[in-house]
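J.: build me a structure from this.
(chains A, B, C and D)
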Protein chains: 2
Amino acid sequence: MAQVIRIKQASPLKASCHKCSLSNLCLPLAIEENDLDRLEDIVQQGRIFNRGEHIFEQSTPFRSCFAVRSGAVKTSIITEGGEEQVTGFFMPGELVGLDSMSGESYASTAKALERTSVCEFPVEKLEELTGKLPDLQHHMYHLMSQEIQNSHQLAMLLSKNTAEERIAALLLSLSSRFQRRRMSPTNFSLPMARNDIANFLGLAVETVSRVFTRFQNQGIIRARGREVELLDVEALQLATRDSARQGG
Amino acid sequence: MAQVIRIKQASPLKASCHKCSLSNLCLPLAIEENDLDRLEDIVQQGRIFNRGEHIFEQSTPFRSCFAVRSGAVKTSIITEGGEEQVTGFFMPGELVGLDSMSGESYASTAKALERTSVCEFPVEKLEELTGKLPDLQHHMYHLMSQEIQNSHQLAMLLSKNTAEERIAALLLSLSSRFQRRRMSPTNFSLPMARNDIANFLGLAVETVSRVFTRFQNQGIIRARGREVELLDVEALQLATRDSARQGG
DNA sequence: CATCCAAATTGATTCATATCAAAACCGTAC
DNA sequence: GTACGGTTTTGATATGAATCAATTTGGATG
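T.: So this is what the prediction gives:
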């Protein structure tokens, strides 16, 4: 691969968290301006994956966590029986791989849902650095704990909610994540296939499809393929709530 | 920090991780003999809770994580609608509260399932200490990551498995946790009510009850109330697996 | 020992969602 | 433009577990 020139500012391998537009979501969020250099020292930036490519694979040696820079990532675990369970979707600014910090190998597989660029944080260096920067350490605890909570939320959704409620919840979650990135919270394109949604939410694809059309008929959303428009956010919120079930 | 001499025994308030029989499961697992003192310095030991008492409550200020010393703890989250989702059961040697390390308040409620004694680790001090002891920090990452994985496993169970499979999985999980404590893996008493099992596994109590009797009729277990005996562990393992579903 | 209340079991019925089957749609390649 | 494979949608049917209802058990209390 003969290198193109890529002049830019000198070292193309060195990250520039300083200038990253996601620095208010990602790890830099936690640290002082002057400590940013140290983070930049350990991060390997700019790896690109095409749709469908693996960022890491379950059971291979665990080396790094990855921050999504652009694109989207799905993580899943595979049972011995070969069944897949999608465990999460990750959008720009979010950190993938936290579930693997307990062992020698990745506990899940991460796959690019579309052309995706990530920043890589080798764990050893990351741990070393968090030992030195209390704020960064705190942030790691924060992120991991958040991840536990997300997962609990998911469990809750799976065990207590109807198909409609689950899908409403997912749409709203995506919506707020788009919003955080200053993109439209009501008009976006789903990074994942119906199949992934179904798997993630513990439903059959057919059910997902049906709920989408039902929502559409009720005028709550407008959906064409992966393009989604939330027409009535309130209704969606109502749809997630137990309030619906409370009959209040 | 003027150090007292602390002649060994003496101070009853001071923890003695050194002598704790669970030190090979709990936080001491991670650290050198000589650093144990520092852990003992921050831990408040020996708090006792009676069955049904709260160790901490959701939405109250987050102060500490707790290691179970004896007894058993259940954690759950409550929705705005008042619905409960049991998120975990914790046995001696396990650390409760990791899901709350992200905010100012507890993300869940922890309740003693029976008379339970815990060791309390104030977060501030814990974070300070993990900043100094890389092995301890690593262990925290390990535990939190484990917690994420557990939660993913649960999600998998909830979305992909039948009632029988879920219950088989729970029984085996408990079994191995008893075994780790050098107790009988086939003959133990469930710390939680059927109701909690049902809630945790996303089932109705009636279903749990039915599955228990079904297993009993098949000669896989013997159950009288909370007393359980695993008669055919292999069959249970088969019951959890997808292999059952694969028709291999 | 009798009483009481919560927990657990058992049975009958209902329902949401899976499953099976087929058609429509869409992007891509030729 | 046409043909292809995979994704999505739509319809008909089957089913596992929830719900409703009633009974039994068991542990606590006086």
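J.: find the centremost residue of chain A, please.
T.: A:Phe90 (1.0 Å; Cα atoms, centre = their mean).
J.: is that one in contact with A:Val96, as I believe?
T.: Yes - A:Phe90 is within contact range of A:Val96, at 4.9 Å (criterion: Cβ atoms under 8 Å). Any C-beta I mention is one placed from the backbone N, CA and C, and that applies to glycine too.
J.: any residues in contact with both of those two?
T.: The contact sets of A:Phe90 and A:Val96 overlap at A:68, A:73, A:75, A:110 (Cβ atoms under 8 Å, 6 or more residues apart in numbering or on different chains).
J.: is the helix ranked longest in chain A in proximity to DNA strand C?
T.: Secondary structure assigned by DSSP state H gives helix A:134-160 as the longest helix of chain A. No - residues of helix A:134-160 contacting DNA strand C under Cβ under 7 Å from any atom of the strand: none, with a closest distance of 10.0 Å.
J.: ok, now stretch A:77-92?
T.: No - residues of stretch A:77-92 are not located near DNA strand C by Cβ under 7 Å from any atom of the strand, the shortest gap being 10.9 Å.
J.: ends of that stretch, what's the gap?
T.: 21 Å (Cα to Cα, to the nearest Å).
J.: now stretch A:116-133
T.: Start-to-end, stretch A:116-133 (Cα to Cα) is 29 Å.
J.: how about low-confidence regions in chain A?
T.: For chain A, applying pLDDT under 70 flags the ranges A:1-15, A:242-248.
J.: before we move on, the earlier item: which residue packs closest to the residue nearest to the centre of chain A, ignoring adjacent ones?
T.: The shortest distance from A:Phe90 to any non-neighbouring residue, by Cβ to Cβ, 6 or more residues apart in numbering or on different chains, is to A:Val73 (4.3 Å).
J.: what do you get for A:Met101?
T.: B:Ser145 (3.8 Å).
J.: that neighbour: how many residues sit nearby?
T.: The number of residues packed near B:Ser145 is 23, by other Cβ atoms under 10 Å in any protein chain shown.
J.: touching, it and A:Leu98? I think so.
T.: Yes - judged on Cβ under 8 Å, B:Ser145 makes contact with A:Leu98 at a distance of 6.3 Å.
J.: need the residues touching each of the two.
T.: With Cβ under 8 Å, 6+ apart as the test, B:Ser145 and A:Leu98 both reach A:Met144.
J.: tell me which helix or strand comes right after whichever helix or strand A:Ala67 is part of.
T.: Per DSSP states H and E, A:Ala67 falls inside strand A:64-70. Helices and strands here follow DSSP H and E; after strand A:64-70, the next one along the chain is strand A:73-78.
J.: please identify the buried residues of that next one?
T.: Within strand A:73-78, the residues that count as buried by 16 or more other Cβ atoms under 10 Å in any protein chain shown are A:73-77.
J.: and of these, the nearest to B:Phe200?
T.: The nearest member of those to B:Phe200, counting by Cβ to Cβ, is A:Ile77 at 19.4 Å.
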